[in-house]
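>>> Provided below are the primary sequence and the corresponding predicted coordinates.
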Amino acid sequence: MWLKSTRADTVSAASDSLKTLEGTVLGLLGLLLGFSFAMGVSRYDTRKQLEVDEANAIGTTWLRTDTLEAPARDFERQVLRDYVRARIDFFSAGTDATALQKSLAETGGLQNQLWKTGADYASTHRDPVTALFLSSLNDTIDDAEKRTAALENRIPIAAWVLLLFISASASGLVGIGISRRSRPLVIVLPLVVGAAMTLILDLDSPRSGFVVVKQESMERVAAQMNAPAVLP
């Protein structure tokens, strides 16, 4: 609006070129917003699926402890109870860096205990049943790293900078073409783009915001582990 009021003749003479440029920039902005939204949704869906995958892997490992003999069976079960709680705490820690590091360290320690006990047991029980237990335990450990990596997989900062730059440019070009009588309309495009970018940022921020992956599957596995044993 300022440019139009101070350089009215220049703006009027270049109105056709400005309209062309405005359409091009708006098209590019829409394309980038669409790609960014797709990236955010894709990452959110991946994190949801990995939560289910890890819960299934832990649940399978828990069920296969029935094939072990005491005391390995009892030790593995107790560590698995602690492990699933540590995993839930890790994804419930939010943005607290200290709590995250503590939970990661606890997860690593519990994984070492689970694997060492399983490997020691397998050294004296070389049979297909024990191999299945180790396979599910390996999946449990792998899925933990996959979920951690999925949390770290974010839209690059460079993409956000480019998106902000093009958004500002598009808003400026639209503002030039709006008459003084329609000044309130100047804020419409920034509001719409801002709302879209806020949603994308929320989808891309797994530890904060309104759109987060709930730990329902993990909670059900924890409840299963702590349920009273059913006597025959």
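Thanks, I have the structure now.

>>> top helix in this protein by residue count?
Under DSSP state H, the helix in the chain containing the largest number of residues is helix 15-64.

>>> what packs against that one?
helix 72-92, helix 128-152, helix 157-177, helix 188-203, helix 216-226 (3 or more C-beta pairs under 8 Å, 6 or more residues apart in numbering; DSSP states H and E). Glycine gets a C-beta too; all of them are placed from N, C-alpha and C.

>>> Packed most tightly, which of those would that be?
Counting by mean count of other C-beta atoms under 10 Å, helix 72-92 has the highest mean neighbour count of the helices and strands packed on helix 15-64, with a mean of 19.

>>> Let me know the next secondary structure element after it.
Going down the chain from helix 72-92, the next helix or strand is helix 97-124, by DSSP states H and E.

>>> List the buried residues in that next one.
100, 103, 106, 107, 110, 111, 113, 114, 117, 118, 121, 122 (16 or more other C-beta atoms under 10 Å).

>>> Just send the helices and strands packed on helix 15-64 back as a markdown table, with distance to residue 20 too.
Compiled in a markdown table, these are given as follows (distance: least, C-beta to C-beta, whole Å):
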| stretch | distance to residue 20 |
| --- | --- |
| helix 72-92 | 49 |
| helix 128-152 | 41 |
| helix 157-177 | 10 |
| helix 188-203 | 18 |
| helix 216-226 | 51 |
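
>>> So which of those helices is nearest residue 42?
helix 188-203 (9.2 Å; C-beta to C-beta).

>>> by how many degrees do the closest one and helix 157-177 diverge?
Our comparison of helix 188-203 with helix 157-177, counting by axes from the mean of the first three to the mean of the last three C-alpha atoms, to 10 degrees, yields an angle of 160 degrees.

>>> Other residues contacting helix 188-203?
29, 33, 36-37, 39-41, 43-44, 155, 163-164, 167, 170-171, 174, 209-211 (C-beta atoms under 8 Å, 6 or more residues apart in numbering).

>>> what's the angle between it and helix 15-64?
Here helix 188-203 runs at an angle of 20 degrees relative to helix 15-64 (the same axes, to 10 degrees).

>>> and the least confident of the buried residues of helix 97-124?
Minimum pLDDT for the buried residues of helix 97-124 is recorded at residue 100 (83).
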